[in-house]
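**Q** okay, structure incoming, though there's no sequence with it:
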Ligand SMILES: Nc1ncnc2c1ncn2[C@@H]1O[C@H](COP(=O)(O)OP(=O)(O)OP(=O)(O)O)[C@@H](O)[C@H]1O
Ligand SMILES: [Mg+2]
């Protein structure tokens, strides 16, 4: 799922326009100080924000990314998941145009990543180990980044301040980048990635190294941006990705081992898990798990119970009921059997799925 070929229906990128030689191209913003004009640049009507077709990247004998095909829908929050060395950062680098694929093709908003004029201000990037210019003040740096997107001075400063406010960092405006803590620098980089409201934002481990509270705040910020742009995000915090992503691809040793909507990856619409109190056994006595009774439910496909994990796994026919309905029926039976319950989840969770696949 999720990696269907759509390129065949897409128009070919137009040849790059000629720029005046040796000079900064004229700002499309010059005629329109509201920023609206900026968006009038050549745009393509595409439904796929990012399309990778059989992308391979080799470094000498090492294949970092191996025939990856992905189609990331416009407006979605899409996760790139995988263990250390799986190829996530290499994939991001090819999307951002920092690296060229050895084989295959990458398209962002219908353009090659090398189409810098078409993609300027439409693609925001937070690299995994982004280094900020240590002598620049935070404000100067962000204004500079906005100027590179062709915004004139006043507007650039307004956008820079807005972006810094979004990451709760407005008091760092005058502080030198070199004096920021790791977490503060990460937030400034995040501000930079969202600066000027780009259409596609690549976030390579945006919450790594942040304290739990700030990581939570960053997740809220990303959720706030949801729907306004396409976000592609990697993280080793799988609960975080399960919470914020609509869909994801799981990479292992450079290959896509699974991809699709989050509910499918986690089996959230075909499996319910109930954790029970220590010492609970299967059986028909009060306090015991009545497996046969659960199996009698019309939508249930199978019921497994492991004493060791203290977990009942109920698989169900998704055409017959949704998870909430199944939870209702299952808990009704368990409560009547006086089973002591310690938790209920939909699906097996992304963490479990990733463990099974990588
Ligand atoms: N410039 C390079 N030269 C040689 N090998 C590289 C280079 N960049 C990445 N690799 C290799 O490619 C593989 C994928 O690395 P990559 O950084 O993409 O993984 P990742 O999924 O981002 O891992 P992590 O979770 O640790 O960030 C690794 O084996 C890495 O050693
Ligand atoms: Mg990485």
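**A** The structure has been received and is ready for your questions. Just so we're clear, the structure is a prediction, and the values are computed from it rather than from any experiment. Ligands and ions are numbered 1, 2, ... in the order given.

**Q** what strand or helix carries residue 273?
**A** Take DSSP states H and E as the rule and residue 273 turns out to sit in strand 271-276.

**Q** over to residue 165?
**A** Per DSSP H and E: residue 165 is located in helix 153-166.

**Q** in that helix, which residues are buried?
**A** Counting neighbours by 16 or more other C-beta atoms under 10 Å, one finds that the buried residues in helix 153-166 are 155-157, 159-164, 166. C-betas here are computed from N, CA, C, even on glycine.

**Q** same check, this time on stretch 53-69
**A** Quick answer for stretch 53-69 (16+ other C-beta under 10 Å): 53, 55-57, 63-66, 68-69.

**Q** and what of stretch 176-195?
**A** Buried, per 16+ other C-beta under 10 Å, within stretch 176-195: 176-177, 180, 183-195.

**Q** picking that back up, which one of the buried residues of stretch 53-69 sits closest to ligand 1?
**A** Closest to ligand 1 out of the buried residues of stretch 53-69 is residue 64 (3.1 Å), distances taken as C-beta to the nearest ligand atom.

**Q** and that closest one, what pLDDT?
**A** pLDDT, residue 64: 98.

**Q** which residue ranges form the helices in this protein?
**A** 88-96, 116-119, 138-148, 153-166, 182-194, 212-225, 238-244, 262-265, 291-295, 323-336, 349-357 (DSSP state H).

**Q** deepest-packed of these, please.
**A** By mean neighbour count, with neighbours taken as mean count of other C-beta atoms under 10 Å, helix 88-96 ranks first of these at a mean of 24.

**Q** what parts of the stretch 51-200 of the chain come near ligand 2?
**A** 88-89, 128 (C-beta under 5 Å from the ion).

**Q** closest to residue 266 out of these?
**A** Of all those, residue 88 has the smallest distance to residue 266: 19.2 Å, by C-beta to C-beta.

**Q** just to revisit the earlier point, ok, the buried residues of helix 153-166 vs residue 132, which is closest?
**A** Relative to residue 132, the closest of these is residue 164; by C-beta to C-beta it sits at 12.6 Å.

**Q** against ligand 1, how distant is residue 205?
**A** For residue 205, the distance to ligand 1 (C-beta to the nearest ligand atom, to the nearest Å) stands at 7 Å.

**Q** looks like that residue contacts residue 236 (just checking).
**A** Yes - here residue 205 reaches residue 236: they are 7.2 Å apart, a contact under C-beta atoms under 8 Å.

**Q** neighbour-wise, which of the two wins?
**A** For residue 205 and residue 236, the more surrounded residue by other C-beta atoms under 10 Å is residue 205, and the numbers stand at 21 against 15.

**Q** ok so, going back, dump the helices of the chain into a markdown table; add distance to residue 49 and mean pLDDT as well.
**A** Listed next are those as a markdown table, based on distance: least, C-beta to C-beta, whole Å; pLDDT from 0 to 100:
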| stretch | distance to residue 49 | mean pLDDT |
| --- | --- | --- |
| helix 88-96 | 10 | 97 |
| helix 116-119 | 12 | 90 |
| helix 138-148 | 21 | 96 |
| helix 153-166 | 21 | 95 |
| helix 182-194 | 15 | 94 |
| helix 212-225 | 14 | 92 |
| helix 238-244 | 16 | 93 |
| helix 262-265 | 17 | 92 |
| helix 291-295 | 43 | 96 |
| helix 323-336 | 29 | 96 |
| helix 349-357 | 22 | 88 |
